[in-house]
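S.K.: Pasting the sequence and the predicted model now:
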Amino acid sequence: MRTSEVVLLATLIVAMFNAGVIWLTQLVVYPVWALVGEAEWSAYHDAHKRRLPGTAFVPHGLALLGALLLIVLRPAYVPGWAVWLAFAVEAVMLAATATYWAPLQIRLSRGNDPRLLRRLLATHWIRAGLVTVFGALLCWMVMLALDQLGR
């Protein structure tokens with residue numbers, strides 16, 4: 001297996017992990033926040049924040065690194081536009097997270113504000129969609145690799 005294929009496979013693995021986490025967050029974690037009482041909110045939200053490095057920060061950093069490496073180490077059978085698009089999707093998602101969802105989370109960490117929680121639930125679909133598109137692009141790239149193996 002070539003280095004480019006190892007990078008492609010590793011990036012797919014991280015992308016699938018991120019897709020699973022983002023949909024669990026969207027469909028389970030965030031909706032349940034409405035059930036957390038004000039007295040428990042601070043402890044609950046702090047526990048959530050402590051888990052973010054291993055479940056969000058590091059995996060998305062690895063996804064961005066993988067997308068960058070694919071630009072440099074692109075397998076010959078993967079179109080250049082596809083690796084650039086994957087990088088752009090991940091970069092846009094991270095930039096939007098830093099500028100919109102992270103500040104929203106910081107505001108929510110101060111107290112369980114139903115209005116802010118509704119905004120989070122209504123807009124987080126965009127983030128989930130971007131993470132899903134990134135994963136789908138990686139799946140398609142791996143399918144191209146499998147097609148090459150079958151020839």
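M.R.: Now that the structure is in, tell me what you want to look at.
S.K.: Sketch out the low-pLDDT regions of the chain for me.
M.R.: 151 (pLDDT under 70).
S.K.: So which residues of it form helices?
M.R.: Chain-ordered helices for the chain, with DSSP state H as the definition, fall at 3-24, 30-32, 38-50, 52, 58-72, 80-96, 102-109, 114-150.
S.K.: Tabulate the ones you listed in TSV, adding columns for mean neighbour count.
M.R.: To be clear about C-beta, it is placed using only N, CA and C from the backbone, and glycine gets the same treatment. Output for these, formatted as TSV (neighbours: other Cβ atoms under 10 Å):
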stretch	mean neighbour count
helix 3-24	18
helix 30-32	13
helix 38-50	12
helix 52	12
helix 58-72	18
helix 80-96	17
helix 102-109	14
helix 114-150	16
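S.K.: how about L138, what does it touch?
M.R.: In this structure, L138 makes contact with 8, 11-12, 15-16, 86, judged by Cβ atoms under 8 Å, 6 or more residues apart in numbering.
S.K.: Please apply the same query to W125.
M.R.: Listed by Cβ under 8 Å, 6+ apart, the contact partners of W125 are Q26.
S.K.: Which residues does stretch 104-120 contact?
M.R.: Applying Cβ under 8 Å, 6+ apart, the contact partners of stretch 104-120 are 30, 33-34, 36-38, 41-42, 45-46, 49, 101, 123.
S.K.: Closest one to A67 out of the contacts of L138, please.
M.R.: Closest approach to A67 among the contacts of L138 (Cβ to Cβ): A86, at 5.1 Å.
S.K.: isn't the closest one right next to L68, touching?
M.R.: No. Assessed by Cβ atoms under 8 Å, A86 is found out of contact with L68, at 10.0 Å.
S.K.: Please produce TSV containing the contacts of stretch 104-120, extended by distance to F57.
M.R.: As requested, those are exported to TSV (distance: Cβ to Cβ, whole Å):
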residue	distance to F57
Y30	18
W33	20
A34	25
V36	23
G37	28
E38	28
W41	22
S42	21
H45	16
D46	16
K49	11
W101	13
T123	20
